[in-house]
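In: What follows is a predicted structure for the sequence shown.
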Amino acid sequence: MSAQAKTVDYDDLQDMVASNDAGGRNPTGFAKKLIVITAIVWSVFQLYYTSPFPFWLQEQLTHLGIDLNVVVDDTKARSYHLAFALFLAFLSFPAFATSPKHRIPLLDWFFAIAGAFLGAYYLFFYEGLVTRFGAPNLQDIIAGCCGVLLLLEATRRSLGLPLVVIAVIFLLYNFFGQFMPTDWLISHRSGSLAQIVNQQWITTEGVFGVALGVSTKYVFLFVLFGALLDKAGAGNYFIKTAFAYLGHLRGGPAKAAVVSSALTGLVSGSSIANVVTTGTFTIPMMKRVGFSPEKAGAVEVASSVNGQIMPPVMGAAAFLMIEYVNMPYSQLITHAFLPALISYIALVYIVHLEARKMGLTGLERVDPPRPFLMVLIRTIGFFLAMCIIYFALDLGLGWIKTAVPDYSFLIICGLLIAVYLGLIHRVASFPDLEPDDPNSKIVKLPSAKPTVNAGLHYLLPVIVLMWCLMIERLSPGLSAFWAILALATILVTQRPLLSWFRAEKSNKAELFKQGLYELIDGLEVGARNMIGIGIATATAGIIVGVVSLTGFGVQLANIIEFLSMGNILLMLILVAVFSLILGMGLPTTANYIVVSSLMALVIVEVGKQNGLIVPLIAVHLFVFYFGIMADVTPPVGLASFAAAAISGGSPIKTGATAFYYSLRTAILPFLFIFNTDLLLIDVTWWHALLIFCVATIGIMIFTAATMNFFVVKNKLWETVVLILAAFTLFRPGFFMEYVSPTARSVDPAHFVQELGQAPVGQNIMLKVSGMNPYGKEIQFYAQLTVPEGTTGEERVQALGLTLLDTGEQIEINGQTSPKILIDNVEIDSPAAKAGLNWDQTILELDVPVHSLNKEWMFIPALLLAIGIYWNQRRRKQSIH
């Protein structure tokens, strides 16, 4: 391929990213300036809205006797957010492929202004809307109808037709469902035009619902953080660091691609942008050491797509999850961290196995190899140093906030500045990192020490973000605000400070001005990258609004339960396929909103009916994972098309190979549904460390099985044994339950007696029958934790239960037993939270018994894997 062709390909890739994330139109003159200024103003507004500044300013104005409200409430902020998104969408995204790219047609100007006005309709007519709440007038109905139509058109331009089609189908169902025969499963009686407009455009139950609220409060600042981090040069730093440490290994460029993509997941929440950012460098490198174009592209796709599941930033859908599941973001990160990490470890191992199968080597290294013992000592030393620094910071900052609370903020800012200056002084001792040309004839790995030291200051805003999220437990939006503030300071000052520490004679004012321009450019890029996300969350709100107004979720639950025949595993497979199909046309965020609003509670309810208590966070992560997998899946996976454009391979083959590599990601959601230990739910630190080690080994064994290669090529029986060993490591309780059961079944008549004897904190399981909230007779399981209390009666009362022995006899499992009825359940009690209600009959009672720890099953599983490894090593030696 000629240099010219490569340049064209790179430009095409940038066009693909631009048209997908920020719009494909590039006008000139006034229109360009207006788009840039509007994007910057949007970013500044979002920073203002999320920061503590409005509350401080409001307090000062109140003290001065000035009656002016400068605090923007959440509902008004959503209106501003959508108004900006609609205005920029119509100016940035052409209507059709043949539409002009370098000027904005008059109709698009009209749509942009009308869309901004209707998006801000709540702001203009606030008093009237509050007065006639729930009863829209003719003006409201016209504005709502026009607003929905313009939103759908903006969605078509920025995200394509699939989401528009789905939203239209739901709107038509909302209106025409009232005319369906009453005996139809999906009929409803909530479909007047006034009701629909009120739900979708006037209240916060539709377009301006939770999804748009999360986009406004959290997602924008994280996208902006990524854009500024990229402008600062962190993306190149992460790539070069990964290559410096991994490029010399077998198949090293592919391993470096995996790690650099995980790191650049901090910078970009977009799968396509991640592929292009790292892939233009990593894919040619992989091809150079022997990977085929399809395999090189597939490795990049699999690792880039996984960037959305890697904490702390994850994808935009993660912030929706904390609202839907109602948990702190720090807790979500804790649950999501282990599956994401072992998924990346498995991908590195896939690359290693591919390289071994093909007999590949790494790139020529610059640094002399260090003895393994030295590397181990340095690693342990680094880990201990990080622990000491963490505890010192935690204690020190805690003491400062206690000793001088009024000045603690200024002191902490001063300490951060001192650390930043120290890092910059260190960085100044090493040369700047220049992007390499991966297509050059001679490619040498960068030296590790100067590479890692050349960008240490980029880690400071990431540490600030993590500290605020995990230690200070601030909201995600406020944490991102402080991280952006630190990053903006670095962006503006890094060049003049580096020049000053290096005693260079450059113009410091010009360097400062260059950093200021990059900051402004980052504010623009961050806002333009948010257009699609803002539009997607608003349009997905239409679907959520219809489900809420019509009760469609109840009907869908019945349909899914019928199709799965009440089998939880079959239901999960159906949901996974549904997510993949939807995700072929929807962005991850919209896919997650649609599937989670329709399916999450259905999975929880069907799980309860099958005796599997599934935490809500596990279900939402399940949907999230398969929504992301859709970016890989052929024939529509755009990330695969971007990688194929770089590698020169077939997009379909690249997507198919990437999906094959992503099997280890696809299997994880099924595993953590059945074994919530993988999500670190209710586990101790030592148990978490054990789970991490075993899960890592398990995913590597599973990878070796699916790759059909361990030490040498697997025989069929070896693959089966490896899968069995991996399954045992991930679900040790499945087999241990047959060896040493964890519970025994007790007659429900002995419930009070058994509860009084059970250890406090243990879980007991009830099987009950009764009406669900929708009037259907069901049987389901409820899990209760044994509370404090000296007698069984006290513990029953602590659970919020009142039981009644009816004196009747019922047949349970072929035996006659007294009928025990739940006579009353206290509101918001543990029993009510478990799903119990009055007039339900207790059918079974399972109480815990002393049993062997399920972790003992790890031993035979590991012995099986070791046996296969030993057998294959012996076979390899005999071949040689």
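Out: The structure has been received and is ready for your questions. All values derive from a computational prediction rather than experimental measurement. Numbers count the residues shown, from 1 in each chain.

In: Could you list the buried residues of the host helix or strand of Leu384?
Out: In this structure, Leu384 sits in helix 372-403 according to DSSP states H and E. Under the neighbour-count criterion of 16 or more other Cβ atoms under 10 Å, helix 372-403 has Leu397, Ile400 buried. Every residue, glycine included, has its C-beta placed from N, CA and C.

In: who does the helix or strand just after it touch, helix- and strand-wise?
Out: Later in the chain than helix 372-403, the nearest helix or strand by DSSP H and E is helix 408-427. Applying 3 or more Cβ pairs under 8 Å, 6 or more residues apart in numbering; DSSP states H and E, we find helix 408-427 packed against helix 372-403, helix 459-466, helix 476-501.

In: Tell me the gap between the first one and the middle of its chain.
Out: Distance of helix 372-403 from the chain centroid (Cα atoms, centre = their mean, to the nearest Å) equals 28 Å.

In: Run the angle between it and helix 408-427 for me.
Out: Computed by axes from the mean of the first three to the mean of the last three Cα atoms, to 10 degrees, the angle separating helix 372-403 from helix 408-427 equals 150 degrees.

In: cool, the second one as well?
Out: Helix 459-466 and helix 408-427 meet at an angle of 150 degrees, taking the same axes, to 10 degrees as the criterion.

In: pLDDT averaged over stretch 577-589, what's the number?
Out: Per-residue pLDDT over stretch 577-589 has a mean of 75.

In: repeat for stretch 455-463
Out: Stretch 455-463 comes out at a mean pLDDT of 91.

In: for it, which positions count as buried?
Out: Gly455, His457, Tyr458, Leu460, Pro461, Val462.

In: Of those, which is the nearest to Phe383?
Out: When the buried residues of stretch 455-463 are ranked by distance to Phe383 (Cβ to Cβ), Val462 comes first, at 17.9 Å.

In: What segments of the stretch 551-700 of the chain are helices?
Out: Listed in chain order, the helices of the stretch 551-700 of the chain (DSSP state H, counting those that start in this stretch) span 552-564, 568-583, 588-609, 616-629, 638-647, 651-661, 663-674, 685-706.

In: And the average pLDDT for the shortest one is what?
Out: The reference is to helix 638-647. Helix 638-647 shows a mean pLDDT of 81 in the predicted model.

In: likewise the last one?
Out: Mean pLDDT, taken over the full extent of helix 685-706, equals 92.

In: gap between the helix or strand following that helix and the chain center?
Out: Note on helix 685-706: by DSSP H and E, the next helix or strand toward the C-terminus is helix 716-730. Distance of helix 716-730 from the chain centroid (Cα atoms, centre = their mean) equals 29 Å.

In: before we move on, what about stretch 165-183?
Out: Distance, centroid of stretch 165-183 to centroid of chain: 31 Å (Cα atoms, centre = their mean).

In: That stretch: which residues count as buried?
Out: The neighbour-count check on stretch 165-183 (16+ other Cβ under 10 Å) flags Ile166, Ala167, Phe170, Leu171, Tyr173, Asn174, Gly177 as buried.

In: if I pick the last one, what's in contact with it?
Out: It stands for Gly177. Applying Cβ atoms under 8 Å, 6 or more residues apart in numbering to Gly177 gives the contacts Ile186, Ser187, His188, Ser190, Gly191, Thr550.

In: again with the first one
Out: Residues in contact with Ile166, defined by Cβ under 8 Å, 6+ apart, are Ile543, Leu582, Leu586, Val594.

In: try the third one
Out: Applying Cβ under 8 Å, 6+ apart, one finds that Phe170 lies in contact with Ile542, Ile543, Val546, Val547.

In: Ok, the second one next?
Out: By Cβ under 8 Å, 6+ apart, the contact set of Ala167 is Leu152, Thr155, Thr539, Ala540, Ile542, Ile543.

In: Do you have the strands of the stretch 701-850 of the chain handy? List them.
Out: Taking DSSP state E, counting those that start in this stretch, the strands of the stretch 701-850 of the chain run over residues 743-746, 763-771, 777-785, 801-812, 815-825, 840-848.

In: Deepest in the core, which of those is it.
Out: Of all these, strand 840-848 carries the top mean neighbour count, a mean of 20, counting by mean count of other Cβ atoms under 10 Å.

In: strands paired with that one, and their directions?
Out: Paired neighbours of strand 840-848 in the sheet (DSSP bridges): strand 743-746 (antiparallel), strand 763-771 (antiparallel), strand 815-825 (antiparallel).

In: how about those, which one is nearest Leu671?
Out: Evaluated over the strands paired with strand 840-848, closeness to Leu671 peaks at strand 763-771, with 20.7 Å, by Cβ to Cβ.

In: picking up where we left off before, with pLDDT added, can I get the buried residues of stretch 165-183 in CSV?
Out: Listed next are the buried residues of stretch 165-183 as CSV, based on pLDDT from 0 to 100:
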residue, pLDDT
Ile166, 88
Ala167, 91
Phe170, 90
Leu171, 93
Tyr173, 90
Asn174, 89
Gly177, 84
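
In: Tabulate those in JSON lines, adding columns for secondary structure and distance to Val207.
Out: Formatted as JSON lines, the buried residues of stretch 165-183 follow (DSSP: H, G, I helix; E, B strand; the rest coil; distance: Cβ to Cβ, whole Å):
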{"residue": "Ile166", "secondary structure": "helix", "distance to Val207": "15"}
{"residue": "Ala167", "secondary structure": "helix", "distance to Val207": "10"}
{"residue": "Phe170", "secondary structure": "helix", "distance to Val207": "12"}
{"residue": "Leu171", "secondary structure": "helix", "distance to Val207": "11"}
{"residue": "Tyr173", "secondary structure": "helix", "distance to Val207": "17"}
{"residue": "Asn174", "secondary structure": "helix", "distance to Val207": "13"}
{"residue": "Gly177", "secondary structure": "helix", "distance to Val207": "19"}
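
In: so which of those residues would you say is closest to Thr654?
Out: Of all the buried residues of stretch 165-183, Thr654 sits closest to Ile166, with 27.2 Å by Cβ to Cβ.

In: Quick check: the closest one vs Cys145, distance?
Out: 19 Å (Cβ to Cβ, to the nearest Å).

In: before we move on, what about Val623?
Out: 31 Å.

In: Looking at the two, which is more packed in?
Out: Ranked by neighbour count (other Cβ atoms under 10 Å), Val623 and Cys145 place Val623 first, with 27 against 16.

In: Leu690: neighbouring residues, count only.
Out: Number of residues near Leu690 (other Cβ under 10 Å) recorded here: 15.

In: again but with Gly541, I slipped
Out: Neighbour count for Gly541, taken as other Cβ under 10 Å: 29.

In: Check it and give its pLDDT.
Out: 91.

In: residue contacts, it?
Out: Gln200, Gly206, Val207, Phe208, Gly209, Val210, Ala211, Leu212, Ile593.

In: same deal with Val604?
Out: Taking Cβ under 8 Å, 6+ apart, we find Val604 in contact with Val614, Leu616, Val619.

In: Equivalent analysis for Trp42, please.
Out: With Cβ under 8 Å, 6+ apart, Trp42 has these contacts: Phe84, Leu88, Ala527, Met530.

In: Report the lowest-confidence entry in those residues.
Out: For the contacts of Trp42, the pLDDT minimum is Met530, 90.

In: my read: that residue touches Ala89, true?
Out: No - with contact defined as Cβ atoms under 8 Å, Met530 does not reach Ala89; the gap is 10.5 Å.

In: between those two, who's got more neighbours?
Out: Counted by other Cβ under 10 Å, Met530 and Ala89 do not tie: Met530 has more neighbours, with 30 against 26.

In: Okay, the more buried one and Ile37: tell me how far apart.
Out: For Met530, the distance to Ile37 equals 16 Å [Cβ to Cβ].

In: Could you do Lys833 as well?
Out: Using Cβ to Cβ, we find Lys833 at a distance of 51 Å from Ile37.

In: Distance to Pro741, neighbour count and pLDDT added to the contacts of Val604, as CSV?
Out: Converted to CSV, these look like this (distance: Cβ to Cβ, whole Å; neighbours: other Cβ atoms under 10 Å; pLDDT from 0 to 100):
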residue, distance to Pro741, neighbour count, pLDDT
Val614, 21, 22, 86
Leu616, 27, 17, 89
Val619, 27, 24, 90
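
In: Many thanks, we can stop here.
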